[in-house]
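[1] mind looking at a prediction? Sequence and model below.
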Amino acid sequence: MNSAEWNTLSFPKLNIEFPVYSDAFTIFGISIKWYGIMIMLGLILAVIYCFRRMKSFGIDDDRANDVVFFGFIGAVVGARLYYVFMSWDMYKNDLTKIFAIRDGGLAIYGGVIGALILGSIVARIRKVRLMPMLDLAGMGLLIGQSVGRWGNFFNHECFGCNTDLPWGMTSPKIQAELSANAYTISELTGVTVDPSLPVHPCFLYESLWCALGFLLLHLYSKHRKFDGELFFMYIGWYGLGRMFIEGLRTDSLMVGHLRISQLVSGLCVIVSIVCIFAIRHKIKMDGEYTFYKDTEESKALIAETEEKYKASEEKRAAKKAARQNKDAELRPEDKLTDDEDEKADTIKEELSDGSDN
């Protein structure tokens, strides 16, 4: 089987098939994967969205830069460690595979945990209020996950059990994976799969679920009742969708006969609902709530950064004006007339000729 046949993705009931390669292109002998490209694209779109809305949440975007940067590092490290820990048998005989992130193997829940830990530490250091920052992070995560899941599409992974639905997909890669693990899948999940039949495109379900979640949170964001509510809603929304989608998958991370992501998803739904209702009840009992964006601290930090930026721009403009008006700044008696300018050029030429001799 040649490369094109091996990478051909098919939707039999739609009579559609086309090659889908995991490699996008090669630079200096290094293969760049679509998986990584889609994750980076999702990150860029999420960062653009979040930074455009920083001030409306009372966050100083200059201070938030460090939180976003280290939060991303924590997310990547956490996502990889979580996946490796849950799939240790795949890595214990070759530890170098742990660093092969380009080939896939990132767990979203590990990413959220890693981002929360490192991001929270940096937020405290940089005086960034955590809960409104998490509200933005929740919406950003939904953008990143919606786009990033298409990396699984290019890797022919994150698929489910057999389906008769029109969008059921298959490929030689998927069939080989199912054939190799059919017995294990049956033993652990009780699901019998036929490698020759189409399967659920679970990556697509999750991508669409996250896109819908982002749209809903974006529309609701101006009506939120407290700082952090959007983040709890993100946890609950994603957990609810993942709980059902994970039940379709055949490549779940397992602990015994339990799908670990399905268990975590269910807990997320419960925790988010409890937290939202508990905080809303407390606000109702207290009778009032002040968003961080309306506090003097938030306004002062944003104003401080704006003043620094303004001063920096004025200094830069002054330097530029000084360079452009250098001749105008000279005293009239210091300026050369046209004749004196020509004489100076003649003297320079004579000196140059003399040095050559």
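    In hand now; what should we look at?

[2] could you pull out the strands for the stretch 251-357 of the chain?
    For the stretch 251-357 of the chain, the strands defined by DSSP state E, counting those that start in this stretch cover 254-255, 258-259.

[3] of all the ones you listed, which lies closest to Phe244?
    The closest of the strands of the stretch 251-357 of the chain to Phe244 is strand 258-259. By CB to CB, the value is 11.4 Å. C-betas here are computed from N, CA, C, even on glycine.

[4] and the helices in the stretch 51-200 of the chain, which stretches?
    With DSSP state H, counting those that start in this stretch as the criterion, the stretch 51-200 of the chain has helices at 61-86, 108-125, 130-148, 150-154, 172-189.

[5] quick one: mean pLDDT over the fourth one.
    What that stands for is helix 150-154. When pLDDT is averaged along helix 150-154, the result is 94.

[6] so which strand or helix has the residue positioned nearest the centre of the chain?
    By CA atoms, centre = their mean, the mean C-alpha position of the chain lies nearest to Leu43, the distance being 3.1 Å. Element membership for Leu43, per DSSP states H and E: helix 34-52.

[7] check which helices and strands that helix is in contact with.
    Counting contacts by 3 or more CB pairs under 8 Å, 6 or more residues apart in numbering; DSSP states H and E, helix 34-52 packs against strand 23-27, helix 61-86, helix 130-148, helix 150-154.

[8] switch the cut-off to 10 Å
    Applying 3 or more CB pairs under 10 Å, 6 or more residues apart in numbering; DSSP states H and E, we find helix 34-52 packed against strand 23-27, helix 61-86, helix 130-148, helix 150-154, helix 202-220.

[9] surely the residue nearest to the centre of the chain touches Ala75?
    Yes. Contact criterion CB atoms under 10 Å: Leu43 and Ala75 qualify, at 9.1 Å.

[10] overlap in contacts, the two.
    Residues touching both Leu43 and Ala75 comprise Gly144, with contact defined as CB atoms under 10 Å, 6 or more residues apart in numbering.

[11] returning to that earlier point: ok, which of the strands of the stretch 251-357 of the chain comes nearest Tyr238?
    Evaluated with CB to CB, the strands of the stretch 251-357 of the chain place strand 258-259 nearest to Tyr238, the distance being 15.5 Å.

[12] just how off-centre is that closest one within its chain?
    From the chain centre to the centre of strand 258-259 is a distance of 26 Å (CA atoms, centre = their mean, to the nearest Å).

[13] could you check how far Gly266 is from Val274?
    13 Å (CB to CB, to the nearest Å).

[14] again with Ser179
    43 Å.

[15] okay, now Ala24: neighbour count?
    Using other CB atoms under 10 Å, Ala24 has 15 other residues around it.

[16] give me every residue that touches it.
    Ala24 sits next to 31-38, 154 when contact means CB under 10 Å, 6+ apart.

[17] repeat that with 8 Å
    Residues near Ala24 by CB atoms under 8 Å, 6 or more residues apart in numbering: 32-34, 37.

[18] next, the buried residues of stretch 118-127.
    118-120, 122-123, 126 (16 or more other CB atoms under 10 Å).

[19] so for it, what's the average pLDDT?
    For stretch 118-127, mean pLDDT is 94.

[20] which residues touch it?
    For stretch 118-127, contacts defined as CB under 8 Å, 6+ apart pick out 63-64, 66-68, 70-71, 73-74, 77, 128-130, 133, 137, 301.

[21] one more time with 7 Å, if that's ok
    Stretch 118-127 is contacted by residues 63, 66-67, 70-71, 73-74, 130, 133, 301 when judged by CB atoms under 7 Å, 6 or more residues apart in numbering.

[22] hey, C-alpha coordinates of it in PDB?
    Listed next in PDB are the C-alpha coordinates belonging to stretch 118-127 (Å, rounded to 0.1, in the frame of the first residue of the first chain):
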ATOM      1  CA  LEU A 118       1.600  27.700  36.900                       C
ATOM      2  CA  GLY A 119      -0.700  30.500  35.700                       C
ATOM      3  CA  SER A 120      -2.000  31.100  39.300                       C
ATOM      4  CA  ILE A 121       1.500  31.400  40.700                       C
ATOM      5  CA  VAL A 122       2.500  34.000  38.000                       C
ATOM      6  CA  ALA A 123      -0.800  35.800  38.400                       C
ATOM      7  CA  ARG A 124      -0.100  36.300  42.100                       C
ATOM      8  CA  ILE A 125       3.400  37.500  41.400                       C
ATOM      9  CA  ARG A 126       2.300  40.000  38.700                       C
ATOM     10  CA  LYS A 127      -0.800  41.200  40.700                       C
END
